[in-house]
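In: here is my input; please provide its structure:
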Amino acid sequence: MDKTFYRDVLGNFSLETLIPNSEDKVFINDVIYTELSKGIVSNVSKNKYIDIIKKLTKEGAEGIILGCTEIPLLVQQNDVTIPVFDTTTIHATEAFNFVTKE
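Out: Have a look, this model is predicted:
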């Protein structure tokens, strides 16, 4: 989340990127590495992720980038009211489209 990849690319389109606060970043990373990467999907963690998304929405976020392959195991579009972007699906779809072009 602290890397500038998304901020740099989205900034080229005049889009501002918000990131969770330090405490929320620690929680997000802990869940990824201690739960999701081990196949553990907890409703407690899901609800906290949704709370973090709501907090970002109040700060002005209009969409959420699910920038880690495991996060969509926990949060899906129907869990929140703003658009979520599952980067795993986006990359896989674009890779498929690229290799199947005529």
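
In: so how far is Ile53 from Leu18?
Out: Leu18 sits 11 Å away from Ile53, going by C-beta to C-beta, to the nearest Å. Just so you know, the C-beta spots here come from the backbone N, C-alpha and C atoms, and that holds for glycine as well.

In: ditto for Leu36
Out: Counting by C-beta to C-beta, the gap from Leu36 to Ile53 is 16 Å.

In: what do you get for Leu74?
Out: Going from Leu74 to Ile53 by C-beta to C-beta gives 11 Å.

In: more crowded one of these two?
Out: Leu74 (24 against 21; other C-beta atoms under 10 Å).

In: ok, for the more buried one, nearest residue in space, not its chain neighbours?
Out: Leaving aside its chain neighbours, Leu74 sits nearest to Lys46 (5.0 Å; criterion: C-beta to C-beta, 6 or more residues apart in numbering).

In: what do you get for Val75?
Out: The shortest distance from Val75 to any non-neighbouring residue, by C-beta to C-beta, 6+ apart, is to Tyr49 (5.2 Å).

In: sketch out the low-pLDDT regions of this structure for me.
Out: For the chain, applying pLDDT under 70 flags the ranges 102.

In: now the helices: where do they sit in it?
Out: Taking DSSP state H as the test, the helices found in the chain are 5-11, 22-34, 43-58, 87-99.

In: pipe the ones you listed into a markdown table and attach distance to Thr69 per row.
Out: Shown next, in a markdown table, are the helices of the chain (distance: least, C-beta to C-beta, whole Å):
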| stretch | distance to Thr69 |
| --- | --- |
| helix 5-11 | 15 |
| helix 22-34 | 9 |
| helix 43-58 | 15 |
| helix 87-99 | 5 |
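
In: and Lys58, how close does it get to Leu73?
Out: The value you get for Lys58 to Leu73, if C-beta to C-beta is used, is 25 Å.

In: sweet, I'm off.
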